[in-house]
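Asker: this one's structure only:
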Ligand SMILES: Cc1ncc(COP(=O)(O)O)c(C=O)c1O
């Protein structure tokens, strides 16, 4: 995908125009991606012309919507190399990980067992396990990082014992953009008999993911980071593991038979989708996958790699600027500008129609490790281009002048 192609891709995204009618240099795609018109249209059709409930209606519109909803499941599962019966729609990656902790975790882990996380995890892949620790007494270990901010798999290998029942790592760090060798991590986890969960939130939008090739047991991600809507995400899990997991929430749709004496559960994945699901969001989720596949995830990955190389080179020329993460970070560049607080930088950049993220990025243990309260983060998407980087650099230079 060359620059000309991405420039034309910008036109697919109605959100990329600022309130003053000027281009909006949106560099916060790791927080949430802008939506292409095709996704907006799919959602609006599903909410309008095609709208009906799923799984219960005897009328044809509902039957069609059920087909659409289940086709969306197939489409989303296929995007990461999985099958429909292995994919649960959740509210997002956060709920997917909470689901695993609350069901598989509570069912399989007990005091004396251990979980291995890493220093760079998002709070979504820390706090659910702490909640589980409260319930079960399971212990949590933290794998350190390499000097350039990757999960140190050599250290993980040394730390893992037969007591470890789960390894849960981010595929791509939302702060540093560092990539995990997920295949190696899976093999290491399995070698001690542990399951391996991947937080794929930041990987799925920016690299080809194949759960079978990784060999993981659980894979969690969110639609809104993949150019789809908020309010929906997915948990993929090995069929036999999913099939053996107890329900997460109780209610309609997740049952087989209910009496006041005893209730039996529906098969997975329906067992984990209590209540009326996010129907229109699921349809739009699949439309986002269609859109991304229409461009090609490899092309998007190569495009973001080029932008990261350019951005890091430009940022490295600014004397007082400290860059975090590895040189080959995936679509995400975090930095600190001298003594200037990232929030001040973000505010000044906003005046120039440049949107970055400033804060702890829901990764406070990583901030502690880096020795900073916050970082500035520029993150790219398939619509980002060199103009966005140039606007960022101009804004940083202006900020430096303002702060003298
Ligand atoms: C690495 C990572 N994990 C988990 C999450 C949580 O995703 P969501 O808020 O969509 O559930 C995020 C969101 O920023 C993330 O970047």
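Answerer: Arrived safely. These numbers were taken from a predicted model, which means no experiment stands behind them.
Asker: Show me what from the stretch 301-404 of the chain comes close to the ligand.
Answerer: By the criterion of C-beta under 6 Å from any ligand atom, the positions of the stretch 301-404 of the chain lying close to the ligand are residue 362. For every residue, glycine as well, the C-beta is placed using N, CA and C.
Asker: Name the SS class of whichever residue of the stretch 301-404 of the chain sits closest to the ligand, please.
Answerer: Relative to the ligand, the nearest point of the stretch 301-404 of the chain is residue 362 (6.0 Å; C-beta to the nearest ligand atom). In the three-state summary, residue 362 is assigned as coil, counting by DSSP: H, G, I helix; E, B strand; the rest coil.
Asker: And the residue nearest to it when sequence neighbours are not counted, its phi and psi?
Answerer: Excluding the flanking residues, the one nearest residue 362 by C-beta to C-beta, 6 or more residues apart in numbering is residue 123, at 4.4 Å. For residue 123, the backbone dihedrals (degrees, to the nearest 10) come out as phi -50, psi -30.
Asker: hmm, back to that, I'd assumed residue 125 was in contact with the residue of the stretch 301-404 of the chain closest to the ligand.
Answerer: No: in this structure, residue 362 sits apart from residue 125 without contact. The criterion is C-beta atoms under 8 Å, and the distance is 9.8 Å.
Asker: if you count what's nearby, which of the two comes out ahead?
Answerer: Taking neighbours as other C-beta atoms under 10 Å, residue 362 and residue 125 compare with residue 125 leading, 25 against 17.
Asker: mind listing what that one touches?
Answerer: If a contact means C-beta atoms under 8 Å, 6 or more residues apart in numbering, then residue 125 has 97, 117, 168-170, 197, 199 as its contacts.
Asker: what does residue 392 give?
Answerer: Residues in contact with residue 392 (C-beta under 8 Å, 6+ apart) are 25, 27, 311, 349, 354, 356, 378.
Asker: that older thread, quick one, what contacts the residue nearest to residue 362?
Answerer: Contact partners of residue 123, counting by C-beta under 8 Å, 6+ apart, are 362-364.
Asker: Now render the residues you listed as JSON lines, adding distance to residue 34 and pLDDT.
Answerer: JSON lines is the format used below for the contacts of residue 123 (distance: C-beta to C-beta, whole Å; pLDDT from 0 to 100):
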{"residue": "362", "distance to residue 34": "20", "pLDDT": "95"}
{"residue": "363", "distance to residue 34": "23", "pLDDT": "95"}
{"residue": "364", "distance to residue 34": "27", "pLDDT": "96"}
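Asker: Of these, which is the nearest to residue 186?
Answerer: Minimum separation from residue 186 among the contacts of residue 123 (C-beta to C-beta) is found for residue 363, which lies at 22.7 Å.
Asker: Return the helix or strand in the chain with minimum mean pLDDT.
Answerer: Ranked by mean pLDDT, DSSP states H and E, the helix or strand of the chain with the weakest confidence is helix 3-10, at a mean of 63.
Asker: Could you list the buried residues of stretch 213-227?
Answerer: Applying a neighbour-count criterion of 16 or more other C-beta atoms under 10 Å, one finds 214-227 buried in stretch 213-227.
Asker: Take these and keep only those in helices.
Answerer: residue 214 (DSSP state H).
Asker: Tell me the spacing between the residue of the stretch 301-404 of the chain closest to the ligand and residue 127.
Answerer: Between residue 362 and residue 127 the computed distance is 10 Å (C-beta to C-beta, to the nearest Å).
Asker: Same question for residue 148.
Answerer: When distances are taken as C-beta to C-beta, residue 148 and residue 127 turn out to be 26 Å apart.
Asker: Those two: which has the busier surroundings?
Answerer: In this view residue 148 and residue 127 are compared by other C-beta under 10 Å, and residue 127 has more residues nearby, 16 against 13.
Asker: tell me the pLDDT at that one?
Answerer: pLDDT for residue 127: 98.
Asker: and what of residue 2?
Answerer: Residue 2 carries a pLDDT value of 47.
Asker: The ligand contacts on the stretch 1-150 of the chain?
Answerer: Taking C-beta under 6 Å from any ligand atom as the contact definition, the stretch 1-150 of the chain meets the ligand at 92-94, 122, 124-125.
Asker: Let's see that with 5 Å instead.
Answerer: Applying C-beta under 5 Å from any ligand atom, one finds that the stretch 1-150 of the chain approaches the ligand through 92-94, 122, 124.
Asker: Please indicate which of those has the highest neighbour count?
Answerer: Ranked by neighbours (other C-beta under 10 Å), those are led by residue 93, which has 27 neighbours.
Asker: Give me the contacts around stretch 298-307.
Answerer: By C-beta under 8 Å, 6+ apart, stretch 298-307 touches 1, 6, 205-208, 292, 328, 330-331, 380-382, 384-386, 389.
Asker: Quick check: phi and psi on the residue of the chain most remote from its centre?
Answerer: Checked against the mean C-alpha position of the chain, the extreme residue using C-alpha atoms, centre = their mean is residue 261, at a distance of 40.4 Å. Taking degrees, to the nearest 10, you get phi -80, psi -40 for the backbone angles of residue 261.
Asker: Great, nothing more from me.
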